[in-house]
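Trainee: Sequence and predicted structure below; questions after.
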Amino acid sequence: MELEGSAYGSGRLTVQLNKVYAVKTVDRVAAELGETVDRLHDLAISMEPEDGMIWVYGIDAVEILAFTPFGVETLREMIAMERDHQT
């Protein structure tokens with residue numbers, strides 16, 4: 001949270017909201033990209049939350065790997081870079 005205005009003047013309290021509006025599960029992204037879930041898991045190991053990779057936790061310790069729209073683009077770039085290095 002931030003306080004707008006000077007320390008001595010009247011200020012307004014503002015809260016920065018997360019701009020992620022939706023995520024896609026690893027299964028869905030794998031289908032869209034024509035990749036396997038295992039391959040995306042391997043690629044996601046090197047990703048950070050800032051790269052668009054998150055974990056979704058459900059009941060009974062179910063953990064699902066998911067990606068923001070930025071995360072899907074990050075994966076596409078990683079896949080393209082791997083393909084370029086193989087040729």
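Mentor: That came in fine, so what should we check first?

Trainee: Longest helix in this structure, please.
Mentor: Criterion DSSP state H: the longest helix present in the chain is helix 69-86.

Trainee: Distance from it to the middle of the chain?
Mentor: 14 Å (CA atoms, centre = their mean, to the nearest Å).

Trainee: Can you name every helix or strand that that helix contacts?
Mentor: Helix 69-86 sits against helix 26-33, helix 37-44, strand 53-57, with contacts defined as 3 or more CB pairs under 8 Å, 6 or more residues apart in numbering; DSSP states H and E. (C-beta placed from N, C-alpha, C; glycine too.)

Trainee: Report the separation between the residue nearest the centre of the chain and A31.
Mentor: In the chain, the residue lying closest to the centroid (CA atoms, centre = their mean) is G52, at 1.8 Å. Noted for G52: a distance of 18 Å to A31, by CB to CB, to the nearest Å.

Trainee: Tell me the buried residues in stretch 39-51?
Mentor: For stretch 39-51, burial by neighbour count (16 or more other CB atoms under 10 Å) applies to L40, L43, A44, M47, D51.

Trainee: Could you work out the end-to-end span of that stretch for me?
Mentor: Terminal residues of stretch 39-51 lie 17 Å apart, using CA to CA, to the nearest Å.

Trainee: Right, I'll call it a day here.
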